[in-house]
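S.K.: what's the 3D shape of this:
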Amino acid sequence: MESSRKQRWKQLQSLFEPGFRRMLLVSFLLHLLLPILYHTSWFPKRDPIKPPVYKVNLVNKIVKNPQAGRPEATVKKNKAKPKPKPKAKPKPIPVKPKAKPKAKPKPVPKPKPKPAPKPKPKPAPKPKVSKAQDNARLDAMAALKAKLEKQKAEQERQKKLDALRAAAAKQSQQIESPVVDAPVGMPDGKGDEAGISAIAAVQEFIQQQWSLSKYQVAGNPEAEALLVYSANGTLLHYRFIEKSGNTIFDESLAKAINKAKQLPEELPEKMEFNIVFNLKEMLDRQ
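M.R.: Now for the predicted structure:
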């Protein structure tokens, strides 16, 4: 037992020899210096490459398979040539009509005696309405009322759509494409339809409803949301998949999404979107 204890003591003593302690000190200093050197200018940190920020013209049609092009470009309409004005025909000279001979006055006929008034017939008694007929009448009235309410709601929705389209058209006049005579499409488009992608249109429309000053939020928060729109462009429901952690930024996004309940254009079908909202990118798009 004593010999084994002596051996262990010798092993412990060897650990604390000057050479071993020096090696521990050098290792500690290297581990301390590496993070410092990494964060200095000798090891510059590269930012990840992000896609370019571009505007989207909401007047353009939303398609399922957009072609390659620019989303801010506009469809150029061919101006119709003005039709030549017809030559004015010479006015005919009016011919004075000949005076007609005066007609002799006709004799006034004597008034005939009025016949005696006939007695009015008595109204027939109203037939009795059964309970089934009364129920059918009430059902018809309820169906008519529902139809009228539906028509009224559709008219109100159409008014909102017209207002949104007018606002989008007004804003589109301020957007200029950096590429002259560029076709309407998407930079990464691989389809054959002239138009913009649905997710680009939804993101641009929410961007237009969003309002926040860069001085209100520090850093660069980022949030991801799931949005479901019907084929007629109505927001059915949404939820945050991941919030940014910044209450002011998250609340500003929620307000913008609620304002974007109705898109100015219809979608190809009912669609679901996963959109990442980044503060810096949104400020650059303003």
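
S.K.: list the contacts for Gly189?
M.R.: Gly189 makes contacts with 65-69, 197, as judged by C-beta atoms under 8 Å, 6 or more residues apart in numbering. (Each C-beta comes from the backbone N, C-alpha and C, glycine too.)

S.K.: got the residue ranges for the strands in the chain?
M.R.: With DSSP state E as the criterion, the chain has strands at 222-229, 235-242, 271-278.

S.K.: now, of those, which is deepest in the fold?
M.R.: strand 222-229 (a mean of 18; mean count of other C-beta atoms under 10 Å).

S.K.: Quick one: residues in contact with that strand.
M.R.: Strand 222-229 has contacts (C-beta under 8 Å, 6+ apart) with 202, 235-244, 249-250, 253, 257, 263, 267, 270-279.

S.K.: Check stretch 235-252 too.
M.R.: With C-beta under 8 Å, 6+ apart, stretch 235-252 has contacts from 210-212, 216-217, 219, 221-230, 257, 260-262, 270, 274, 279.

S.K.: buried set for stretch 252-259?
M.R.: Within stretch 252-259, the residues scored as buried using 16 or more other C-beta atoms under 10 Å are 252-253, 256-257.

S.K.: rewinding a little: include mean pLDDT when you put the strands of the chain into a markdown table, please.
M.R.: A markdown table is the format used below for the strands of the chain (pLDDT from 0 to 100):
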| stretch | mean pLDDT |
| --- | --- |
| strand 222-229 | 95 |
| strand 235-242 | 95 |
| strand 271-278 | 94 |
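
S.K.: Put together a markdown table for those, with distance to Lys145 on each row.
M.R.: Formatted as a markdown table, these follow (distance: least, C-beta to C-beta, whole Å):
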| stretch | distance to Lys145 |
| --- | --- |
| strand 222-229 | 30 |
| strand 235-242 | 26 |
| strand 271-278 | 33 |
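
S.K.: looking at these, which is closest to Asp139?
M.R.: strand 235-242 (30.5 Å; C-beta to C-beta).

S.K.: close enough to count as contact, Lys190 and Ala68?
M.R.: Yes: applying C-beta atoms under 8 Å, one finds Lys190 in contact with Ala68, separated by 7.0 Å.
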